[in-house]
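[1] I'll drop the sequence and a predicted model, then ask my questions.
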Amino acid sequence: MEPSRMTRDWNSLIRYALEGEEAEPFLRLLKARLRTGSQVVSVRLENAAVKPEYVLILSLHKQLSEMRVPHSEAFTGWSFDTGMRMADEQQEQARFVLLLGEHFAALARDVGPDVLMALLSDHLPAMGAPRSSEAARHLRTSRHVDSVVRRAAEKLDLVLVGLARALGRSLKYDEATTGRILDGALAQWIFQSSRTRGLDASHPL
């Protein structure tokens, strides 16, 4: 490969690591507005179950404006890097339901959806998270917990630890709030997933 091409590819890799996908026009526009002095006043999530997007209220010279940014990995990474919280705890929980769904979809592709549900029904009550444990106890799963499920538990822990770190380290929530948001998001995801799959689960709310 010619040196100039290698340099361009390397620069693209570095730029992607720092800024995300080049095809993120909404995020690029948001960053441009922030560079010119706008500040984020509040963020809320809309259409989470269909086509999720973040509604940002921006302030510039005491004038408020609204900007909508579609949910994406790049925006999520940027929001964590900048410590950008949602408008309130309920909105934060909604965001983490969305993120859990993405992580669990990847985990289900890896270990299988039945193993994932069996894992949740066994592992979460053992961990003792109040709301999600109660929701998981009501799941009916098509297989018993076995060595495959136990091996998958380590991958589940990695997902939960990563999201807890995002809440506690990136977004600066205290330990109690971090636990409450993640527990509530887990319970909500289990309820939504059980309805989709036709499994039994009590509503976590």
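    Nice, I can see it.

[2] residues of the helix or strand hosting A136 that come out buried?
    In this structure, A136 sits in helix 130-137 according to DSSP states H and E. Within helix 130-137, the residues that count as buried by 16 or more other Cβ atoms under 10 Å are R131, S132, S133, E134, A135, A136. Glycine gets a C-beta too; all of them are placed from N, C-alpha and C.

[3] now stretch 30-39
    Those would be L30, R33, S38, for stretch 30-39 by 16+ other Cβ under 10 Å.

[4] alpha carbons of it, as PDB, please.
    Taking C-alpha atoms only, stretch 30-39 is exported to PDB below (Å, rounded to 0.1, in the frame of the first residue of the first chain):
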ATOM      1  CA  LEU A  30     -23.900  19.600  17.700                       C
ATOM      2  CA  LYS A  31     -20.200  19.900  18.300                       C
ATOM      3  CA  ALA A  32     -20.000  22.900  15.900                       C
ATOM      4  CA  ARG A  33     -22.800  24.700  17.800                       C
ATOM      5  CA  LEU A  34     -21.000  24.000  21.200                       C
ATOM      6  CA  ARG A  35     -17.800  25.400  19.800                       C
ATOM      7  CA  THR A  36     -19.600  28.700  18.900                       C
ATOM      8  CA  GLY A  37     -20.800  29.100  22.500                       C
ATOM      9  CA  SER A  38     -24.000  27.100  22.800                       C
ATOM     10  CA  GLN A  39     -24.500  25.200  26.000                       C
END
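
[5] what is the rounded mean pLDDT of it?
    If you average the pLDDT over stretch 30-39, you get 95.

[6] residues in contact with that stretch?
    Residues from elsewhere that reach stretch 30-39, judged by Cβ atoms under 8 Å, 6 or more residues apart in numbering: E19, V40, L56, L58, S59, L60, H61, S65, M67, V69, W78.
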